[in-house]
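1. predicted model and sequence follow; I will ask about them next.
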Amino acid sequence: MAVARPVDQLFTYEAPEELGDRIVPGAVVAVPFGRSTARGIVIGPSGPPPAGIAGKRIRSVLPEEPLLTEELLRLFAWVSRYYGCPLGEAIASSVPLGKSTGRPHVVAKPAVSIDVLRGQVEARGARAPAQARILAQLIGAAGGVSRAALLSTARARGGALSALVGAGLVILEAEEEPAPCRDPDEIERPQALLPAQAAAVAAICEAIDSRAFRPFLLFGVTGSGKTEVYLQAMAHAAAQGGQGLVLLPEIALTPQTYRRFQARFPGTVLVHSLLPDRERVRNLLLAKRGRAAVVIGARSAVFAPFANLRLIVVDEEHESSFKQENPPRCHARDVAVYRAREAGIPVVLGSATPSLESYHNAQQGRYRMLRLPSRATPRGTPAVRVVDVSRARSGASSVSGELADITANVLRTGRQAIYFLNRRGFAPVVKCVRCGYVFLCAQCSVGLTHHQRGELLLCHTCGTAVPRPAACPQCGAGLIKLLGAGTERIVDELRRRFPSARVGRLDRDIASSRESLLGALRDFAEGRTDIIVGTQMIAKGHDFPEVTLVGIICADSSLYMADFRAAERTFQLIHQVAGRAGRGEEPGTVVIQTFSPENKVIGLAVSGDYEHFAAQELALRAPLRYPPFGRLLRIVVQGAREDAVAAAAGACAAALEGAPCRVLGPAPCPIAKVRRRMRHHLVVKAQGPAEIQEALRRLKRVKCARGAAIAWDVDPIGFF
Ligand SMILES: [Zn+2]
Ligand SMILES: [Zn+2]
């Protein structure tokens with residue numbers, strides 16, 4: 001039994017006889033744990049407990065149908081091992097355990113004969129009258145009654161029913177919903193394919209038929225029709241009664257993709273964290289019962305249960321949002337590849353700018369490369385202009401004269417423009433003019449960003465907000481300057497420069513709810529706004545046919561970060577944002593403002609030459625043994641007291657002495673304090689996964705002093 005707590009150990013419990021046949025692998029149960037009750041996940045039978053130790057008993061089985069299959073339990077066992085995360089914690093943070101599909105769909109049925117029911121009504125009559133009333137209602141209702149109706153006629157609460165379920169007298173079942181069906185005439189027909197698309201579809205279909213693990217890298221330029229390849233490969237699997245899984249990085253941002261699958265496969269369901277639990281669980285159960293042809297979801301959908309999974313697709317596989325930030329800190333793309341390997345099915349990783357890990361795997365022949373070199377609907381490539389802003393005087397507008405001129409033209413012709421800046425708020429630096437004091441978060445070692453709304457200074461790390469002070473806390477001067485630009489300031493400048501233009505904004509402040517986010521996107525897509533200023537949210541797969549200008553305000557913003565992937569990320573972002581220009585009939589223009597126009601990465605991103613960039617970047621990483629030429633493990637130690645944190649980080653370093661790896665650090669993290677907790681980190685560089693496992697084994701033995709907590713991240717992608 002794995003317990004849904006961060007303890008790295010399995011436990012043995014005794015199964016009461018009356019629960020016997022419901023204690024199956026994957027079942028979720030309530031067990032006594034310490035002084036409280038915990039959720040447990042049944043892994044499998046164990047031997048008898050050691051002599052003299054009385055095994056604790058399972059209290060009850062949760063009534064909901066388990067979402068864990070034996071295949072998923074094996075997958076989680078690997079995740080737990082590989083990422084060094086306790087099994088119960090890994091499962092509990094990835095699967096909605098014990099969440100019901102909602103009352104209307106649950107039916108209660110007697111689990112015992114009518115005679116036993118009668119006896120129990122009598123036996124419980126005085127002691128538990130509500131339970132007795134429920135049982136009385138179930139006499140003569142062998143087919144079951146709706147849970148909600150049962151509770152109201154028996155004047156009982158859910159707790160009484162749960163007790164009866166726990167005692168094995170009643171079972172709750174999710175009611176079958178009618179299978180999704182549609183008039184065959186309404187189902188969208190496949191589109192005609194270009195030769196490269198057809199070759200890709202054929203290769204994937206052949207792999208589906210082979211019933212063997214086959215990894216593919218679908219390397220297709222923006223607009224080359226990758227989705228049509230997924231759709232037709234999926235149709236091949238569905239024609240054999242198979243199911244498919246499609247992982248997307250920003251599911252909430254891309255309703256179009258869901259609609260395209262839904263139009264071909266009526267049995268397509270969505271699984272992502274913004275869905276209400278009820279709906280998410282219902283969709284997962286449809287997948288488990290084989291009634292959903294396709295599951296489309298964000299990273300957590302990689303753990304969806306299937307009856308007959310035949311194909312996995314990971315679209316935009318290079319996206320960092322596939323990596324989970326909390327335990328088990330797994331990367332959904334890598335879990336998907338492992339799952340496909342174990343299931344013996346093909347997996348397709350798609351991207352216009354593949355991660356260097358996947359690209360390297362393809363070059364080494366571990367993945368098969370499928371190329372889509374041209375756009376599905378031919379269009380001219382956009383004209384690219386690089387504007388050197390390094391000589392702009394300080395305090396000048398963030399929108400260069402050249403960008404403004406082109407924008408004016410776009411507005412005159414009634415077209416649309418996208419401005420990209422990966423920084424929300426109004427101004428990222430708030431500074432005293434007299435003494436140079438920079439406003440920092442009291443909880444974290446980061447500067448505060450000025451936001452127009454409510455005139456607040458906001459910490460983007462912990463969310464703390466303080467009103468904008470009238471005077472400098474250090475010297476008392478009343479001259480406080482807002483330096484630099486975020487999306488709000490760009491909107492402000494555009495409104496002043498083009499008073500008649502309708503300017504919209506898309507960033508996390510706007511997108512606090514899915515509705516407002518989709519609303520902002522819809523306004524732009526339907527031409528109610530002329531210019532949209534957005535963070536990287538705007539870079540994801542939207543199709544805006546009227547956009548003829550993309551302005552990148554600061555191409556360097558991610559280039560000089562202390563991270564070996566800075567160049568890769570900059571290339572991907574510029575390439576992706578630039579791909580939004582000229583998706584209609586006109587080729588369009590991309591304006592790239594940069595402080596370092598001579599930088600090679602910027603130059604390659606401008607030319608869009610991914611393979612040249614990849615070759616250059618891989619050549620830089622190889623001698624340093626950075627991924628994909630080696631593996632990394634990051635250890636972060638946090639705590640309120642700096643000395644305890646430093647001591648624990650030192651203990652980690654000592655534990656790794658003599659291990660087959662290189663240890664960088666310990667050192668304070670780039671963001672040395674978050675929410676008043678001091679942070680130190682170490683980065684372990686190793687040859688391969690076996691060496692990382694050895695490092696994890698050693699780290700698990702480190703005794704952590706009071707006041708410090710050690711966490712690790714296998715294959716990290718963030719280093720703050
Ligand atoms: Zn001052
Ligand atoms: Zn903060």
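-> Perfect, thanks for sending it. Numbering: from 1, shown residues only. Ligands and ions are numbered 1, 2, ... in the order given.

2. in the stretch 551-700 of the chain, what residue is nearest ligand 1?
-> Lys673 (22.1 Å; Cβ to the ion). Using the backbone N, CA and C atoms, a C-beta is placed for each residue, glycine as well.

3. need phi/psi at that residue.
-> phi -140, psi 130 (degrees, to the nearest 10).

4. ditto for Arg371
-> The phi/psi pair for Arg371 (degrees, to the nearest 10) is phi -100, psi 140.

5. now do the SS call for the spatially closest residue to it that is not a sequence neighbour.
-> In space, Arg371 comes closest to Phe219 once its chain neighbours are excluded; the distance is 5.3 Å by Cβ to Cβ, 6 or more residues apart in numbering. At Phe219 the chain is in strand, as set by DSSP: H, G, I helix; E, B strand; the rest coil.

6. circling back: can you tell me which helix or strand the residue nearest to the residue of the stretch 551-700 of the chain closest to ligand 1 when sequence neighbours are not counted belongs to?
-> Leaving aside its sequence neighbours, Lys673 sits nearest to Ser445 (Cβ to Cβ, 6+ apart; 4.2 Å). Using DSSP states H and E, Ser445 is not contained in any helix or strand.

7. show me what contacts Ser445?
-> 671-674 (Cβ atoms under 8 Å, 6 or more residues apart in numbering).

8. quick check on these: which are buried?
-> 672-674 (16 or more other Cβ atoms under 10 Å).

9. before we move on, the earlier item: which pLDDT value goes with the residue of the stretch 551-700 of the chain closest to ligand 1?
-> Lys673 carries a pLDDT value of 93.

10. Ala136 too?
-> Reported pLDDT for Ala136: 83.

11. roughly how far does it sit from Ile208?
-> Applying Cβ to Cβ, to the nearest Å, the value for Ala136 to Ile208 is 54 Å.

12. so for those two, which sits in the more crowded spot?
-> Ile208 (21 against 17; other Cβ atoms under 10 Å).

13. confirm that that one lies within a strand, as I assumed.
-> No. Counting by three-state DSSP, one finds Ile208 to be helix, located in no strand.

14. rewinding a little: state the pair within the contacts of Ser445 that is farthest apart.
-> By the measure Cβ to Cβ, Ala672 and Val674 form the most distant pair in these, at 8.5 Å.

15. for the residue of the stretch 551-700 of the chain closest to ligand 1, what are its contacts?
-> 443-445, 679.

16. might you list the low-confidence residue ranges for the stretch 101-250 of the chain?
-> In the predicted model of the stretch 101-250 of the chain, residues 101-105, 140, 142-143, 174-186 satisfy pLDDT under 70.

17. minimum distance to ligand 1, which residue of it gives it?
-> Glu250 (41.3 Å).

18. rewinding a little: okay, and which of the contacts of Ser445 map to helices?
-> Among these, none falls in helices (DSSP state H).

19. just the closest of those residues to Glu18, please.
-> Val674 (49.3 Å).

20. got the phi and psi for the nearest residue to the closest one once chain neighbours are set aside?
-> Leaving aside its chain neighbours, Val674 sits nearest to Cys444 (4.9 Å; criterion: Cβ to Cβ, 6+ apart). Per-residue torsions, Cys444: phi -130, psi 160 (degrees, to the nearest 10).

21. what about Cys444, distance to ligand 2?
-> 3 Å (Cβ to the ion, to the nearest Å).

22. and that residue, what pLDDT?
-> Confidence score, pLDDT, at Cys444: 92.

23. contacts only, for it.
-> Contacts of Cys444 by Cβ under 8 Å, 6+ apart are 459, 461-462, 464, 671, 673-675.

24. one step back: my read: the residue nearest to Arg371 touches Leu372, true?
-> Yes. Because the distance of 7.2 Å satisfies Cβ atoms under 8 Å, Phe219 is recorded as touching Leu372.

25. how about the residues of this protein by ligand 2?
-> Neighbours of ligand 2 within the chain, by Cβ under 5 Å from the ion: 441, 443-444, 459, 461-462, 464.

26. just the buried residues of the residues you listed.
-> The buried subset of the residues of the chain next to ligand 2 (16+ other Cβ under 10 Å) comprises 441, 443-444, 459, 461-462, 464.

27. who's in contact with the residue in the stretch 51-200 of the chain positioned nearest to ligand 2?
-> Distance from ligand 2 to each residue of the stretch 51-200 of the chain (Cβ to the ion) is smallest for Ser93, at 24.2 Å. Residues in contact with Ser93, defined by Cβ under 8 Å, 6+ apart, are 326-328.

28. I'd like these as JSON lines, with neighbour count and secondary structure appended.
-> Listed next are the contacts of Ser93 as JSON lines, based on neighbours: other Cβ atoms under 10 Å; DSSP: H, G, I helix; E, B strand; the rest coil:
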{"residue": "Asn326", "neighbour count": "10", "secondary structure": "coil"}
{"residue": "Pro327", "neighbour count": "19", "secondary structure": "coil"}
{"residue": "Pro328", "neighbour count": "22", "secondary structure": "coil"}
